[in-house]
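Chemist: What would the 3D arrangement of this be:
(chains A and B)
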Amino acid sequence: MNLKLQKIIPQLITVLVVVLVFGFFTYNAQINMENRGIDFGYGFLSQESSFDVQFSLIEYDGSHSYFRAYLVGLLNTILVSVIGIIIATILGVIVGVARLSPNYLINQFAAFYVEFFRNIPLLLQIFFWYFAALRALPLPQDADAMLGVFFLTIKGLYVPAFVWENLNVFLYSIIAAIIAIVVIRIHARKVQETQGKQLPVFWISVGLIFILPLLSFLIGGVSLSFEIPKLKQLAATSFKYEGGLSLPPELIALTLSLALYTATFIAECVRAGIQGVGKGQKEAAASIGLNPNQVLKLVVMPQALRIIIPPTTNQYLNLTKNSSLAAAIAYPDLVLVFAGTALMQTGKAIEIVSITMLTYLSLSISISILMNWYNKKIAIKEK
Amino acid sequence: MSKINFLKPDKENLNTFLYLGSFLFIISIIDVFLNSFFSLNITGFLPSSLSFLIPIILGFIGLHFIRIEHSGYKFLDQVNKNINTNNFNAILSLLIIFIIIKSIPPVLSWFVVDASFAGDSKDVCSGTGACWTYIKVWFRRFMYGMYPNAEQWRINLSFIALALLGSVGYFATEKFKKYLTLYYVVIYPFIAFLFIFFFISGGPIFFDFSYGIIAAVISIIIGFFIPSKFKFYYFIFVPITLYIALKYFIFYEELIELGKLDGLNWVETGAWGGLSLTFIISFFCLIFCFPIGMAFALGRRSDFPLIRYISIGFIEFWRGVPLITVLFMSAVMFPMFLPADFFIDKLVRCIIAISLFEAAYVAEVIRGGLQALPRGQYEAAKSLGMGYWRMHIFVILPQALKLVIPGIANTFLALVKDTPLIFVVGLLEIVGMLNLAKTNPEWLGFAMEGYVFAAIIFWIICYAMSKYSYNLEQKYKTER
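Modeler: Numbering: from 1, shown residues only, chains lettered A, B, ... in the order given. Okay, here's the model as predicted:
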């Protein structure tokens, strides 16, 4: 009896405190909203937003709803995160491997990079790229073309746009190639398990992924041309590029700083992962006659990835959350468009901040659930 | 002398290869060096693309020639082992050497040679280099924000005093060593709070808050003498009772009088800023987030399911949202949750928000340490008859915290690097002040200098912190 009470009382007290705090907050919120004449509700999402957004992936203007504005912000956040993650991964893997290089100069260079970018606040780096580095770029009319088609100016980067004909045929061919590769891999494994022969899977895959899309150009009627940005004079001193794709400087500054910053952490994860595979593993693999490529593919990488992937996913999540710093340089991401402009216009502080937080929360919780599942799957199964 | 095969340098013709190789290598270095420092191009007579590539070709051949194993020269073997193991490494090494040589002159000229230091107006900054005059003129603003110039000695004095008080641990004799934890966890933060409350602000701004602080400190000090059995109930009830007693019954008027120190002008928190604000915020958040995080780490591993779920909910919530939205919440949403006449200062709201946010990360780090401890430690402590609190304070936590020093240091580093985000609520620490200064019409166009200046400061702080944590880790490393 006494023991049971000892177990229940602390829990009851804690729950009571939590309930009291939350009750206190909601009670106050109700009174405050009544006093200010604000009503609580999510109905405003379907109202007309009547503000414009500088950069949007989907069609959007002031006549669309607040929900549409939310989608614009969310898509922009995802765009920055995806580009940032790709660049950060490539850079991080290179730097992480370079830190383990036997070449003294290379590993010192990599160490310098990591120590340098890791110890400076991300916001400061974003400001540096946006306000200092990118402002030093030439005006549109003075810009030199890089490789003849890229124009890097103070107003952003202008790149040629792809103009496709029969794009769907091309995509189908790529999908077909991927399916074929998967089938061949399964077949190759079967052959190896039953007959002990190894098929040159890698070269077949490379061949397929090039040849099938190429065929779609030759036979399938796909054609690709480029729309190169052209300088156009608007007024005496005002110039602009037309055609092609334009990437605003906010996007460039943000992705660049996010990628450079996160790459340092990914590099450390990669280094830890590779160092975590014991030397004996490599030697044992070599001694049973695997060639260096097979050692890397079959022995080192599976073990290293087990160490690398969980913290790296964490870094991806951090990058996505850090992309909310976009608000500081007016890149229209979720925080700026929705928790900034939309909040100012509607005054629905509680609703909007809660939606924004829930969005990030659901994103990171779903990724961490995925991560836990993956961790369980690859964990060493000891007997 | 045997036949020379240029594709395969061997030991027999060591000297020939050595002289030839180092000659080519040095030629290539000299070429780049002259090109970069004196803008001379000694290979200018060649076609431009060839002239551009000639150093790397010469250097590559040179390094190829001197790549001879077991040459007998110690220096040569070292070089080969470190930068010249194969062709690919040789090219990378050459590229890095060339990049370093190439980048020295522009960096040097921007930082020092062409930079302007003297004077106190924009006119002296006409060169191509950095304008450090800008930093010099704005230095006080970058350090102290909008804090009045005449009062800045208060900040300096407080920081010096706090630094001295903080270093007490180094001079403590063995006799006082056991009180150090109490000192650093309870007394020192309290003194720091008093300094900032009375001295830097000079007014009763944290007023409603101060009852809570006083109540908490008194109850914690008494709490050390309470048997562990009742500690849990004690820490829930006593602070609340004390708070109510302090606020409504005891010396209410006296505290208000105490809040207004004579002779010190009140400086509102909106005027605080610059690097000193970075320090103040990081300091308080560090102090608050650690115990909160510890509590939630223990809560997450608690045997009581309800406490466990609440802790998991708390931790996952704060870890799932970006700090900027948390600050947004503290700015626009939090006032809605408080009674209309209840006012909490902006700075305090910021400190609470950042502390709770970082506490979740600290909790996860500490949980890692708790999980890493073998079960035997718990069982041994229990078999000695220790209760929950005694077991954790004397056996579990000291070992767990030792294990997670690097993780905690990383969290603290992240905290310091996150402080610039307080621009969201309108507080301007050093990065915010830089942005303000750069829009000043008298000083347009010096954004670069400001950011470089702030980057150097942050880099030094963060690098020193990470090196210090590394030392701590080495110091407390115990064989297990």
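
Chemist: right, and the helix or strand after the helix or strand bottoming out on mean pLDDT in chain A?
Modeler: Per-element confidence for chain A was summarised using mean pLDDT, DSSP states H and E. The lowest value among helices and strands belongs to strand A:145-146, with a mean of 68. Along the chain past strand A:145-146, the next helix or strand (assigned with DSSP states H and E) turns out to be strand A:150-153.

Chemist: List of residues touching that next one?
Modeler: Applying C-beta atoms under 8 Å, 6 or more residues apart in numbering or on different chains, the contact partners of strand A:150-153 are A:137-140, A:143, A:145-146, A:157-160, A:229, A:241. Placement of C-beta: from N, CA and C, glycine included.

Chemist: Out of the residues you listed, which is nearest to residue B:160?
Modeler: The shortest approach to residue B:160 among those belongs to residue A:137, at 44.6 Å (C-beta to C-beta).

Chemist: Got the phi and psi for the closest one?
Modeler: With angles defined as degrees, to the nearest 10, residue A:137 sits at phi -80, psi 160.

Chemist: what about the nearest residue in space to it that is not next to it in sequence, distance to residue B:240?
Modeler: Sequence neighbours aside, residue A:154 is the residue nearest to residue A:137 in space, at 4.6 Å (criterion: C-beta to C-beta, 6 or more residues apart in numbering or on different chains). Here the criterion is C-beta to C-beta, to the nearest Å. By it, residue A:154 lies 59 Å from residue B:240.

Chemist: Where does residue 306 sit, in terms of helix or strand?
Modeler: In the absence of a named chain, this looks at chain A. In the assignment (DSSP H and E), residue A:306 maps to helix A:301-322.

Chemist: Correction: the question concerned chain B.
Modeler: Under DSSP H and E, the secondary-structure element containing residue B:306 is helix B:305-320.

Chemist: Can you say which helix or strand has residue A:232 in it?
Modeler: With DSSP H and E as the criterion, the answer for residue A:232 is strand A:230-233.

Chemist: in its sheet, what does that strand sit against?
Modeler: According to DSSP bridges, the neighbouring strands of strand A:230-233, each with its direction, are strand A:239-242 (antiparallel).

Chemist: Are the helix or strand where residue A:256 lies and chain B in contact anywhere?
Modeler: Using DSSP H and E, the element containing residue A:256 is helix A:249-276. No - contact of helix A:249-276 with chain B is not found when judged by C-beta under 8 Å from any C-beta of the partner chain; the minimum separation is 9.6 Å.

Chemist: What separation do you get for the residue nearest to residue A:137 and residue A:131?
Modeler: 12 Å.

Chemist: I'd like the average pLDDT over stretch B:464-474.
Modeler: For stretch B:464-474, the mean per-residue pLDDT is 88.

Chemist: got the buried residues for it?
Modeler: Of the residues in stretch B:464-474, those with enough neighbours to count as buried (16 or more other C-beta atoms under 10 Å in any protein chain shown) are B:465-466, B:469.

Chemist: Save those as a markdown table, and put in distance to chain A and secondary structure too.
Modeler: What follows is the buried residues of stretch B:464-474, written out as a markdown table (distance: C-beta to the nearest C-beta, whole Å; DSSP: H, G, I helix; E, B strand; the rest coil):
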| residue | distance to chain A | secondary structure |
| --- | --- | --- |
| B:465 | 9 | helix |
| B:466 | 7 | helix |
| B:469 | 13 | helix |
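
Chemist: List just the nearest of those residues to residue B:89.
Modeler: For residue B:89, the closest of the buried residues of stretch B:464-474 turns out to be residue B:466, at 29.3 Å, with distances computed as C-beta to C-beta.
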